[in-house]
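Participant: model this:
(2 chains)
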Amino acid sequence: MQLVANIIIAASTILLVGLGFALIYRVVRFFHFAHGVVFTSGPYAAFLLTTRLGLPLAISIPIAVVISAALGATMELAVYRPLRRKGSSPLVLLMASLGIYVLLQNTISLAFGDDTKSIRPNTISEGIRVFGAVITPVQLLTVAISIGLLAAMIVFFRQSIMGKALRAVANDPVLANISGIDSDRVIFWTFVIGSALAGIAGIMVAMDVDMTPNMGMNALMMAVVAVIVGGVGSMPGLILGAVLLSAAQQLSSWFLGSQWQEPMAFAVLLVFLLFRPQGFLGKRVKNASI
Amino acid sequence: MDYFYHILVVVCIYAVLANSLNLLTGYTGLLSLAHAAFFGIGAYSAGLLALNAHMPFFVCILCAMVVAGILGLMVGLPSLRVRDDYLAITTFAFQILAFGCLNNWVSLTGGPQGLNGIPRPAIFGIVIASNAQFLVLTACVCSFTYWVVARIVRSPFGRVLKAIREDEIFAQSLGKNVAKYKLTVFVISSCLAALIGAVYAFYIVSIDPTGFTVMESIFIVSILIIGGAGSLWGPFVGAVVLVVLPEVLRQVGLPEALAANSRQILYGILLVTFMMWRPQGLFGEYKLGSSSREGK
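Facilitator: Coordinates of the predicted model:
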């Protein structure tokens, strides 16, 4: 039972990061590596606000999420948009985002130090027993939030004008432009939403297991694996991918030891890329014939 | 003086790494984020052989290259199915796997402690120990790599590689076996990375997995891209710039504790700047991911 609980908890974190990453990937079509550092920026902003300014956690978390969203939006405005204007290839965008990642992660290291920082509430609460598995309140909250946000995203995509515009740009930016959709504006909001999701995910993870400056890379990689395994552009696929990935991780740490979690995740990815590059439910794939 | 030699050795090592990656990324258009993995595989294979089997220097190096070549073939296989950013992610996955194995397979690799006390190599009876002697050795490897890459690039084989980079389908339509070319280039490139990895292991004496991380791979790619992908001299220039510049910063009095971070911040900035204003690097002829087909 504990194993199942762990799988669900791990899957919901992966899902939160993956949601934002997949959103940006679908609309802008490049691997936004700097998403990892946006993830890290959330908890560090919250840390800064609570320790330096003495704000209560309940106020500093929303502000931190806004800061994350602003960070993602700034990247779009300062780097990605000019690059797109020049017609740069996705690989150039990918390298630029790697550069941003390296730059900002090390800035965080410089500013806060490489040691572990905590925004956990001081009181150590006892785990709740659910069906014989021990879960902490934070973990329960993480699962609830990710399910809530997932539902919100689905509604957003289906119902709202912005959601529809987003899908239109994702399908065909040129056609969307012809239909009077300002694709730059849509992409801007994509970054805002995706980055806010990453910030929330980062804060939830930090509330559970504290933070280090390089926490983002790991989280991002898990998200990337889940997105690819699930199939790019498919929401049910993403859920499936997150669950499969966290199952592979939890089982491998159960049987092999926790240090094999990460290699196992990438072994899963390699198997998929070799035999089913479009993932579980994806349709379109970049293969050698295009 | 020893410090000066050390910097030059490091420049040579990175020049070889960037040059071998150039074959793959600059000339064939396959972006790989796994080069540090091959570097590490070379270092570990040579180190293990020297430590446990007391093999002579050349045997160690040869074995390291063979091991890396076989693994390079395995990494090359997905490149036949996926391309561009998907290929980048695939190699990224391999990089993480390789690091995981180096870090966790304690019985073989010594885990986080790595390998210590790798014996000094002897070439024709001459024991190489000082930094100056290693500089000669790495400079030789560096020239050898340059020669190999230059020979390949100027040969008909190299022209096919460029054709694949510019337009894969067109190359295929001319009857070129694209799969075979891609795999060959993957193998050669990994072998060269392992060659310098082996030399590095002998030079640095103790190796541990932290030298072969994803960040290291990104660093190698940055050297290549900033120097200029697809040019023979680009990797050298890139290596000099990215290795020497942080040392200069250190000389002007930046504290040691901040040096590692500021080195990375510096190349992060350089990478973004170059992507924005000069994606082909200082001397490059190839912009990542651009092909003549899309060049409208």
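Participant: Tell me, how many residues neighbour the closest residue to A:Ala267 other than its chain neighbours?
Facilitator: Once flanking residues are discounted, A:Ala267 sits nearest to B:Leu97: 6.3 Å by C-beta to C-beta, 6 or more residues apart in numbering or on different chains. No exception for glycine: its C-beta is placed from N, CA and C like everyone else's. Using other C-beta atoms under 10 Å in any protein chain shown, B:Leu97 has 21 other residues around it.
Participant: B:Leu97 contacts A:Ala265, correct?
Facilitator: No. Taking contacts as C-beta atoms under 8 Å, B:Leu97 lies outside contact range of A:Ala265: 9.4 Å.
Participant: can you list the weak-confidence ranges in the stretch 151-296 of chain B?
Facilitator: Applying pLDDT under 70 to the stretch 151-296 of chain B picks out residues B:253-257, B:289-296.
Participant: can you list the residues of it near chain A?
Facilitator: Neighbours of chain A within the stretch 151-296 of chain B, by C-beta under 8 Å from any C-beta of the partner chain: B:168-169, B:178, B:214-215, B:218, B:221-222, B:225, B:258, B:261-262, B:264-265, B:267-272, B:275-276, B:279, B:287-290, B:294.
Participant: Mind checking which of the residues you listed are in helices?
Facilitator: Of those, the ones assigned to helices by DSSP state H are B:168-169, B:178, B:214-215, B:218, B:221-222, B:225, B:258, B:261-262, B:264-265, B:267-272, B:275-276.
Participant: Can you say which of the residues you listed are buried?
Facilitator: B:168, B:178, B:214-215, B:218, B:221-222, B:225, B:261-262, B:264-265, B:267-268, B:270-272, B:275-276 (16 or more other C-beta atoms under 10 Å in any protein chain shown).
Participant: Would you map the strands across the stretch 1-150 of chain A?
Facilitator: A:128-130, A:133-135 (DSSP state E, counting those that start in this stretch).
Participant: circling back: can you mark which positions in whichever strand or helix holds the residue nearest to A:Ala267 are buried?
Facilitator: If you go by DSSP states H and E, B:Leu97 is part of helix B:84-104. Residues of helix B:84-104 classed as buried by neighbour count (16+ other C-beta under 10 Å): B:84-104.
Participant: By proximity to chain A, which residue of the stretch 1-150 of chain B wins?
Facilitator: B:Gly100 (3.1 Å; C-beta to the nearest C-beta).
Participant: so who does that residue touch?
Facilitator: By C-beta atoms under 8 Å, 6 or more residues apart in numbering or on different chains, the residues touching B:Gly100 are A:259-260, A:262-263, A:266.
Participant: The same query, at a cut-off of 10 Å, please.
Facilitator: A:259-267, B:209 (C-beta atoms under 10 Å, 6 or more residues apart in numbering or on different chains).
Participant: Nearest to A:Ala226 among those residues?
Facilitator: Using C-beta to C-beta, the shortest approach to A:Ala226 within these belongs to A:Ala265, at 8.8 Å.
Participant: Please look at the closest one and A:Leu220 and confirm they touch.
Facilitator: No. Look at A:Ala265 against A:Leu220 with C-beta atoms under 10 Å: they stay out of range, at 11.9 Å.
Participant: where does the stretch 1-150 of chain B have low pLDDT?
Facilitator: In the stretch 1-150 of chain B, no residues with pLDDT under 70.
Participant: Quick one: the strands in it, in order.
Facilitator: B:122-123, B:126-127.
Participant: how far out from the middle of the chain is the last one?
Facilitator: So the one you mean is strand B:126-127. Here strand B:126-127 is found 27 Å from its chain centre; the criterion is C-alpha atoms, centre = their mean, to the nearest Å.
Participant: for the stretch 1-150 of chain B, what spans make up the helices?
Facilitator: B:2-22, B:35-48, B:57-76, B:84-104, B:106-109, B:131-154 (DSSP state H, counting those that start in this stretch).
Participant: Quick check: which of these is buried the most?
Facilitator: Ranked by mean neighbour count, those are led by helix B:35-48 with a mean of 29 (mean count of other C-beta atoms under 10 Å in any protein chain shown).
Participant: hmm, that helix touching chain A?
Facilitator: No. On the criterion C-beta under 10 Å from any C-beta of the partner chain, helix B:35-48 is out of touch with chain A, staying 11.5 Å away.
Participant: Report all helices and strands that that helix contacts.
Facilitator: helix B:2-22, helix B:57-76, helix B:84-104, helix B:106-109, helix B:178-204, helix B:214-227 (3 or more C-beta pairs under 10 Å, 6 or more residues apart in numbering or on different chains; DSSP states H and E).
Participant: and the angle for that helix with helix B:2-22?
Facilitator: Going by axes from the mean of the first three to the mean of the last three C-alpha atoms, to 10 degrees, helix B:35-48 is angled at 120 degrees with respect to helix B:2-22.
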